[in-house]
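build me a model from this:
(chains A and B, ligands or ions: 2)
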Amino acid sequence: MSILPRFDQVPLPPTSATEYNTVCQFCNVGCGYKVYVWPVGEQGGLKADENAFKVDFTKPQAVLKGQSYTEAMHSTTVGKDGREYNIVIVPATNSPINQGNYSYRGGSNALTMWSLDRGTQDRLTYPLLRVGDQFQAITWDDALALMAGIIKGIRDRDKNDDNIAVKCYDHGGSGAGFEDNYGAGKLFFTALSVKHIAIHNRPAYNSEVWGSRERGVHELNYDYSDARLADTVVLWGANSYETATILYTQHILENIQGSTVAEKKKVFDKDEPAEAGYLIVIDPRKTSSYTVAEAAAKNRVLLLQPNFGTDYILANAIARVVWERGYYDKAYLEARTDMKLFEDYKKKSLKLDVKYDEFMAQAERITGVPKAQIEQAADWIAKPKGNKFKRRTLTIYEKGIIWNMKNYDQVAALVQLAVLTHNIGRPGTGCGRQGGHQEGYVRPPSPTPGSIYNGGPPVNVDKFLTSGKGKFYWVIANDPYLSTPNNQIFRKRIHERTKKLTRAIGESGEPSTTQGRIDAILKALYADPDALFMVVQDIYMTETARDAHLVLPAAGWGEANETSINCNSRLLRLYEKFMDPPGEAKPDWEIFKLVGEEIAKLYRAEKKNDVAAKFEFGKNWKTDEDVFLAGSEEFADNQVSEEDEAKLEAENYKGVTYAFLKQVGQEGIRTPVRLDPKTKKLVGTLRRYTVKFGTADGKFKWYGTDDWEGYPAEVAKYLEGNKAKEYPFWVTTGRVQHLWQSTYHDRQLPERVITHPLPYAEINPEDAKKLNIESGDLIEIFNEEGNAIYMAYVTDAVKPGSIFMVMYHWRGTSNSLTTGYTDPKTTIPWYKGTRANVRKVAGAIPFIKQTASFLQQNKFS
Amino acid sequence: MQRMLSRRGFLKVMAMTAALFSSWGKAALAAGSKLKPWLAPSLPYKSVKVGNVADLTVNKPVTFNYPDANTPAVLVKLGKPALGGVGPQNDIVAFSGVCTHMGCPIQYQGERFVCRCHYSMFDPAKAGQTYQGLASTWLPQITLTVDKKGDIYATAVNGLIWGRAKNI
Ligand code: SF4
Ligand code: FES
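Ligands and ions are numbered 1, 2, ... in the order given. Coordinates of the predicted model:
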């Protein structure tokens, strides 16, 4: 008996199987994978010359070195030719990033493919139209006519595109890439001019790291090899063991265990000390990224647990210690940074006019981190080695910093600490994002502003919509019903508004022709300004789709050629198409092109040929590569010297073709790509800002961070008077090892549904005891923003008085409780901090208690 | 599982879940699925005696080899009912000793299996599910039977042992 279908043999790909190169569809690390496809019914043999792996399976593989091929790495699908195919997706042993290693998520790539054998058969396969309370199949022709008719109708009436709101990804990986991003950019920014556009995981069109970019530092500036070479790695608000798993286990862990010392010796200066690395984890939780390291290399790891929202104060305090102890190189600062602005930094961030002891006492009080720990961190980050050699520290940060209170200042404080200690642009250094997913941004300029220092901040599109503005809402490959802040209000309002339109067009009997429908919808939208038309374009029916009027089926990973870069090395590779999209599903870029062409037809009919031409942006796009190449035209001329890499866009790939990428395979090429002026060859950029920073004069631009001003009103209200008692817990939120983003695939896979049947919340044993809560119990977490019923998970990962909620789960989102606060400088939300109360609802659901594991996830020894 | 169900209550739940699992397991594969021939147990496993109920102590794992002489496996009495558990308390389980991630040996460490290579952890009471770490595939569970004398036999492996295309 087993809960799941388990297999005790798997078919080997025969030598006739077609082999493809690709990159994991999931996280930022971008592990390399190989795919084999061949018809069901055939099978390779165990001997090395009898299978496509060219591996001898007559005896077991060598531990850690052999080709991993597990039950989760095989699946079947049906091609457009009606034949059944085996699909095998295994980690690539020739990828420099993962070297044959893989994580829980990537190891299941095959299980997520569209298959009639599994839950993934639920993929969207043809366009769906809401008729009253049902979704009915329609053709692409009708769907496109409907889209075009409504969009043009709105433009004609308004004379602008301000009533068109869009929520679209801007990333690579996960079935998107440069191609799809460029398609979106051309439709929304060149043909249309959409100001009310928001990015997949946040309510505005903004960078999450303007605090770094405006200093002259793009957030992807290091190489994975720097994680192997660093004397110290700092993981700041990044639980990399769970969210960048292979970067952590294959590179960071090997470094602190001492396996990379020989590599260090090769790269370091003559006589420079090289030993096993140190790791500093900075997080309000005792994450597995800390406890794994503790189990593996106890004396080489430090955990700092700052109070919520205080990380920038902590970064400035570490910087002050660095200043006091002289762990900086004045000549470097003078040569490479703007010394006029440095005065501002000294005054506001380092606060040199406050005495050291007084400053540190204040920092300790605000952050809750003891002075001794702050000083130890400064030593590990910057104390010269053998008094002569600069220490090499790589700082990797992610959503704990980005989705913190005061996004701009948090990010700025971290990158300034790195530059103060010359920990950028040298082997073993860097200060950048870990990343969530991979990247693939190429678009024409957007009609949206920058940060508050560059014409902004950008509009909060959630608030635009919940306040009753906008008429057309197009949600593309993301699930705002899980992912947007202050979610309960958002869901309620979008539901209300879309329902108003549904009622208006179909109380009894809806118009039966497409044109009749367009007319009725436009009439209703202008009769009731609160009515809203919603389109969802995705690979599954999402939570958001339940309120949509039109649902468009998109192609996923592996169903079209695409290109992306990973986050740890900006490594550009080709993700080859290895199967057909299910049914009538289409790649996003093609959908954008077709919508554009359909709108163009309407303009041509009115003889407005110049407007029509703008919408025919995709008329020469026959293949994915056509879009990739068209996108490259957006980038600056990349025939520049090595030191001028700093001037190039981080993702500049001008000159790269699919043929080039096929040639380089898993080795890829690191962006920004340069056309070397001397050799006329394309070369990648291993590590950024070695000679210059990305500013007009090449100098780093300092910024004086704000003082500690306490919490914003949305959260401060919970800390005063009666409410302080009513909502006694700090709440933080985040991702976990086994659930990917909005869990769109995870919910289809029985092994994940068993292990994570419900969203869970971590609670400290002390608090659990007081509330009579055990692991598995149902608890309600609530505040004035919303409520969520979660499963309790008792663990010391959280301190007493705080709880951690899993971010997005199909049975509930932590964002029901997050506030509407965004950083006034950037419009980035604080997803990671609010207050709430907890009550026990009931004991565990018996079936769940029986089948799900409640063993402590951060306890490794 | 702090508050244990009464034995009768437990058996009822076990029967209920057993029924659910077997139907779930089959339902998860479509009727005409081409995967069926590989569904475990699909190979001719030998029945091998691996211990006696009376000799086992709670939380003291016993290693043995299965399904062949070179392949480590672990037998353990958990002291609490487990999915697929045998013996009077339904608490005796056995698993492959090879991590499904990249083949390292796993260690039993009070309630859990831990692999020290990349820290995957598996829950022996819950069918060997990966509850943390990198292994996409749960630990293969070894089917056990107990005869009247209390002798425990390994009779099949549910799941693929890492590094092979077939278990035997
Ligand atoms: S670490 Fe990330 S990229 Fe690598 S296999 Fe896992 S999910 Fe995929
Ligand atoms: S081999 Fe066991 S976790 Fe990697």
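
how many neighbours does the residue of chain B found nearest ligand 1 have?
Chain B approaches ligand 1 most closely through B:Leu134 (7.8 Å), counting by CB to the nearest ligand atom. (C-beta placed from N, C-alpha, C; glycine too.) Counted with other CB atoms under 10 Å in any protein chain shown, the neighbours of B:Leu134 add up to 27.

tell me which element it is part of?
Using DSSP states H and E, B:Leu134 falls within no helix or strand.

which residues does it contact?
For B:Leu134, the contacting residues are A:101-104, A:107, A:245, A:249, B:101, B:118-120, by CB atoms under 8 Å, 6 or more residues apart in numbering or on different chains.

may I have the phi/psi pair for it?
Note on B:Leu134: backbone dihedrals following degrees, to the nearest 10 are phi -90, psi -20.

quick one: low-confidence residue ranges for the chain.
Reading this off chain A. Scanning chain A for pLDDT under 70 picks out the ranges A:1.

meant chain B actually
Looking at chain B by pLDDT under 70, you get B:1-28, B:30-31.

give me the residue at the spatial middle of it.
When CA atoms, centre = their mean is applied to chain B, the residue found nearest the centroid is B:Gln141 (2.5 Å).

isn't that one right up against B:Ile92?
No: contact criterion CB atoms under 8 Å: B:Gln141 and B:Ile92 do not qualify, at 11.9 Å.

A strand includes B:Val114, no?
Yes: looking at B:Val114 with DSSP: H, G, I helix; E, B strand; the rest coil, it is inside a strand.

quick one: residues contacting the nearest residue to A:His495 once chain neighbours are set aside.
Closest residue to A:His495 apart from its sequence neighbours, by CB to CB, 6 or more residues apart in numbering or on different chains: A:Asp547 at 5.2 Å. Shown in contact with A:Asp547 (CB under 8 Å, 6+ apart): A:494-495, A:498-499, A:534.

circling back: for beta bridges, what are the partners of the residue nearest to the centre of chain B?
B:Phe95, B:Asn158 (DSSP bridges).

residue contacts, the closest residue to ligand 1 within chain A?
Nearest residue of chain A to ligand 1 (CB to the nearest ligand atom) works out as A:Gly106 at 2.2 Å. Each residue near A:Gly106 by CB under 8 Å, 6+ apart is listed here: A:24-27, A:31, A:33, A:91, A:246, B:136.

one more time with 6 Å, if that's ok
A:24, A:26, A:31 (CB atoms under 6 Å, 6 or more residues apart in numbering or on different chains).

so what's the residue count around residue 159?
Since you didn't name a chain, this refers to chain A. Neighbour tally, A:Lys159, other CB under 10 Å: 7.

try again with chain B
Neighbours of B:Gly159 (other CB under 10 Å): 25.

any idea how far it is from A:Tyr102?
17 Å (CB to CB, to the nearest Å).

what of A:Ala317?
39 Å.

run through the bridge partners of A:Leu128.
Where A:Leu128 sits in a bridge, its partners, by DSSP bridges, are A:Ala137, A:Val551.

does it really touch A:Thr139, like I thought?
No: with contact defined as CB atoms under 6 Å, A:Leu128 does not reach A:Thr139; the gap is 11.3 Å.

which one of those two is surrounded by more residues?
Taking other CB under 10 Å, A:Leu128 and A:Thr139 do not tie; A:Leu128 has more neighbours (22 against 13).
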